[in-house]
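Visitor: here is my input, please return the structure:
(one chain, ligands or ions: 1)
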Amino acid sequence: MNIDSFIQALEAKHPGEHEYLQAVREVLSTISDVYNEHPEFEKAKIAERLVEPDRIFTFKVPWVDDRGEVHVNLGYRVQYNNAIGPYKGGLRFHPSVNLSILKFLGFEQIFKNALTTLPMGGGKGGSDFNPKGKSDAEVMRFCQAYMLELWRHIGPDTDVPAGDIGVGAREIGYLYGMYRKLAQENTGVLTGKSLEFGGSLIRPEATGFGGLYFVREMLQTAGIDIKGKTIAISGFGNVAWGAATKATQMGAKVVSISGPDGYIYDKNGISGEKIDYMLELRASCNDVVAPYAEKFDAEFIPNRRPWELKVDIALPCATQNELNEQDAQNLINNGVLCVAEISNMGCTPEAIDLFLSKKIIYGPGKAVNAGGVATSGLEMTQNAMHISWSAEEVETRLQQIMSNIHAQCVKYGRTEGSSYINYMKGANVAGFLKVAKSMLAQGVL
Ligand code: 2IT
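Guide: Numbers count the residues shown, from 1 in each chain. The predicted model follows:
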């Protein structure tokens, strides 16, 4: 496979879809060896079929704000690939949402979901709706209008959406309520539900918890103990909160969180009530972290990102391409040991190249953050069985899944003649092989 000409042809079909093309290029460039070893993949045009979603729904979402003004947002659902299970993946509500971003997220989701060991295909959706500063009633009306269109295309065995940036338990509640009313059924059609109506314990924590299990295992494999290590985290939402909680439990010290306004440096460590405060900050819907500095006597550095700090471990937990080449160089100059994306595609390709060339332990999002969707898979299982598991049961399974993902990455990511593991290659190859073999077995569809 000639990747450059493949991407060129794709770019001609989808001009300007930078994030999508970036995600495709990363996967193809790491799987090209196994692809070429299997001529049957080429013959069945697996790559060409994988990079295009099965279908994309685009729809308008008109809704009325509290003053009676009418707004029109765009809604999307990308059903990417269901070779191994129903389409599965979150909904993102953020003004930056466009087709390129949802296609990159959906494409990543195919391989991530394959890695979880559970039968889930890849999908993603969302809207350019901005929940920032909206009242509960406005969010409710928006979610209802969004679901009024989407409900026809989803179902517990066809497509199971969940949360992502801007979509948490509140939004899932409103979305689920509307689906239930329209479809006249109570099913596991959405995950991330509240506990009272079919949600799973540990789902809110799962992305961050799973990320830290994965990080601990990467470090252990390299003979390093996570205890006592200093960690920079970006973001301050659900994922950052789960990561900070588990990192602290593991005996590491989290010294930063960040928002669109800048970052907090708390040299004493973000633990206990400070972690609880992250939830308060998020619930305030102002999208700022600055108030933390006043409340806990920490430093607030406006309009900058925490990658300039001297830390052992860096965990991007906010959004795509939030850690660039310069940030990577700063971290390396400051002696970073490990960088793991808990956000999707948190590092730019140039940053990743630098980490790999300097043999920094680097974990790609689709492996590191797979605990979120894996626990969504566990929520689907509980819904299908009409039971709910204890927190211990769910967390034990989550831990086993993360360990299994780690083992898959090691199997395919070992570099000959070196103890260094290329987790990016390992994750992409392991995820790809499972999906490609399933597509092959099921014929040209
Ligand atoms: O990026 C992700 O894996 C998610 N936003 C979670 C998706 C899910 O279906 O739980």
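
Visitor: residue of the stretch 301-445 of the chain closest to the ligand, please.
Guide: When Cβ to the nearest ligand atom is the measure, the stretch 301-445 of the chain has its nearest residue to the ligand at S376, with 3.3 Å between them. Bear in mind the C-beta positions are built from the backbone N, C-alpha and C, glycine included.

Visitor: confirm that residue sits in a helix?
Guide: Yes: assignment of S376 by DSSP: H, G, I helix; E, B strand; the rest coil places it within a helix.

Visitor: my read is that it contacts K193, right?
Guide: No: under the criterion of Cβ atoms under 8 Å, S376 is not in contact with K193, lying 10.0 Å apart.

Visitor: okay, those two: which has more neighbours?
Guide: Neighbour totals were compared for S376 and K193, and S376 leads with 30 against 23 (other Cβ atoms under 10 Å).

Visitor: residue boundaries of the helices in the stretch 251-400 of the chain?
Guide: For the stretch 251-400 of the chain, helices defined by DSSP state H, counting those that start in this stretch occupy the ranges 273-283, 290-296, 325-333, 349-357, 365-368, 370-385, 391-413.

Visitor: list the buried ones in the last one?
Guide: It refers to helix 391-413. Residues 394-395, 397-398, 401-402, 405-406, 408-410, 412-413 are the ones in helix 391-413 that count as buried (16 or more other Cβ atoms under 10 Å).

Visitor: what's the closest of those residues to A9?
Guide: The nearest member of the buried residues of helix 391-413 to A9, counting by Cβ to Cβ, is Y412 at 26.9 Å.

Visitor: quick one: contacts for the closest one?
Guide: With contacts taken as Cβ atoms under 8 Å, 6 or more residues apart in numbering, Y412 has the following neighbours: 425-427, 429-430, 433.

Visitor: per-residue pLDDT, it?
Guide: According to the per-residue confidence, Y412 scores 97 in pLDDT.

Visitor: same thing with T415?
Guide: At T415, the pLDDT value in this model is 85.

Visitor: ok, it touching I421?
Guide: Yes: at 7.3 Å, T415 and I421 qualify as touching, with contact defined as Cβ under 8 Å.

Visitor: more neighbours: those two, which one.
Guide: Relative neighbour count places I421 above the other of T415 and I421, with 23 against 13, counting by other Cβ under 10 Å.

Visitor: against M120, how distant is that one?
Guide: With distances defined as Cβ to Cβ, to the nearest Å, the gap from I421 to M120 amounts to 25 Å.

Visitor: for the protein, name the helix or strand with the lowest mean pLDDT.
Guide: helix 273-283 (a mean of 94; mean pLDDT, DSSP states H and E).

Visitor: how about G16, secondary structure?
Guide: For G16, the secondary-structure state derived from three-state DSSP is coil.

Visitor: nearest spatial neighbour of it, chain-adjacent residues omitted?
Guide: S100 (7.1 Å; Cβ to Cβ, 6 or more residues apart in numbering).

Visitor: what residues of the helix or strand hosting that neighbour count as buried?
Guide: Secondary structure here is read from DSSP states H and E; on that basis S100 sits in helix 99-115. Residues 99-115 are the ones in helix 99-115 that count as buried (16+ other Cβ under 10 Å).

Visitor: now stretch 286-299
Guide: 287, 289-293, 298.

Visitor: what does stretch 171-182 give?
Guide: 171-176, 178-180.
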